[in-house]
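*Asks:* I'll drop the sequence and a predicted model, then ask my questions.
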Amino acid sequence: DAKTTQPTSMDCAEGRAANLPCNHSTISGNEYVYWYRQIHSQGPQYIIHGLKNNETNEMASLIITEDRKSSTLILPHATLRDTAVYYCIVRVNQAGTALIFGKGTTLSVSS
Amino acid sequence: DTAVSQTPKYLVTQMGNDKSIKCEQNLGHDTMYWYKQDSKKFLKIMFSYNNKELIINETVPNRFSPKSPDKAHLNLHINSLELGDSAVYFCASSHNENGNEQYFGPGTRLTVT
């Protein structure tokens, strides 16, 4: 079972920042926080991951609380193409470890 | 260039038939996976292979058999297809180095009638 809790859905206006929260209160010390998204009818797409520190890449930023029990994915300037289901997943960083998907958050970006 | 490709994209077949789905990755990755996404959109791991060796085999009926002829390919054979096998099947791959984020294929939509 997934070890994360996410809101079922969120809305965001185009051009605004989208902040997607995730609770993972039972995360273990060796588990990373990963974010993936699935745009309609496509395969899941990796976004970002982190252990303790905040991370940023060309797609998004990941803010992890100091106690690591929750995190927030930030899409700084959401576009219509960011409409998707966003999955927050915790897993050990080990070759072959499967992703355990929960229900995710459906983000709807509108103009 | 397509990183993870699957064929066919759509597969419609009758109950009792045997079918295969092919997956190929050109990323030089060491590990490959099969996931199933059912009608309720839940994604679940089925198998994973690392360097052609099976390392994850979830509770999947033995009618499903993965075959890895080499590191770049992981095919899925399904015998005696049932209505409940209808789903979208995703192949994925990852490198063994730290991070090992998984790259997914476009999916194969299997419909059993």
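*Replies:* Ah, there it is.
*Asks:* can we go C-alpha only for contacts and neighbour counts from here?
*Replies:* OK.
*Asks:* now for stretch B:62-74, what's the gap between its first and last residues?
*Replies:* 17 Å (C-alpha to C-alpha, to the nearest Å).
*Asks:* and if you look at stretch A:33-49?
*Replies:* Separation of the first and last residues of stretch A:33-49 by C-alpha to C-alpha is 5 Å.
*Asks:* near chain B, which residues of chain A?
*Replies:* Within chain A, the residues that sit near chain B (C-alpha under 8 Å from any C-alpha of the partner chain) are A:42-46, A:49, A:93-96, A:98-103.
*Asks:* Now restrict the residues you listed to buried residues only.
*Replies:* Taking 16 or more other C-alpha atoms under 10 Å in any protein chain shown as the criterion, what is buried in the residues of chain A next to chain B is A:43-46, A:49, A:93, A:95-96, A:98-103.
*Asks:* Among the residues you listed, which ones are in strands?
*Replies:* For those, membership in strands holds for A:Gln45, A:Tyr46, A:His49, with DSSP state E as the criterion.
*Asks:* From the structure, what's the count of residues near the residue lying closest to B:Ser86 once chain neighbours are set aside?
*Replies:* Once flanking residues are discounted, B:Ser86 sits nearest to B:Thr111: 4.7 Å by C-alpha to C-alpha, 6 or more residues apart in numbering or on different chains. For B:Thr111, the count of nearby residues is 19 (other C-alpha atoms under 10 Å in any protein chain shown).
*Asks:* wait, what's in contact with B:Thr111?
*Replies:* Taking C-alpha atoms under 8 Å, 6 or more residues apart in numbering or on different chains, we find B:Thr111 in contact with B:Leu11, B:Val12, B:Thr13, B:Leu83, B:Asp85, B:Ser86, B:Ala87.
*Asks:* try 7 Å this time
*Replies:* B:Leu11, B:Val12, B:Thr13, B:Ser86, B:Ala87 (C-alpha atoms under 7 Å, 6 or more residues apart in numbering or on different chains).
*Asks:* Report the beta-bridge partner residues of it.
*Replies:* B:Val12 (DSSP bridges).
*Asks:* Over to B:Lys19?
*Replies:* Here B:Lys19 sits in beta bridges with B:Ile78, going by DSSP bridges.
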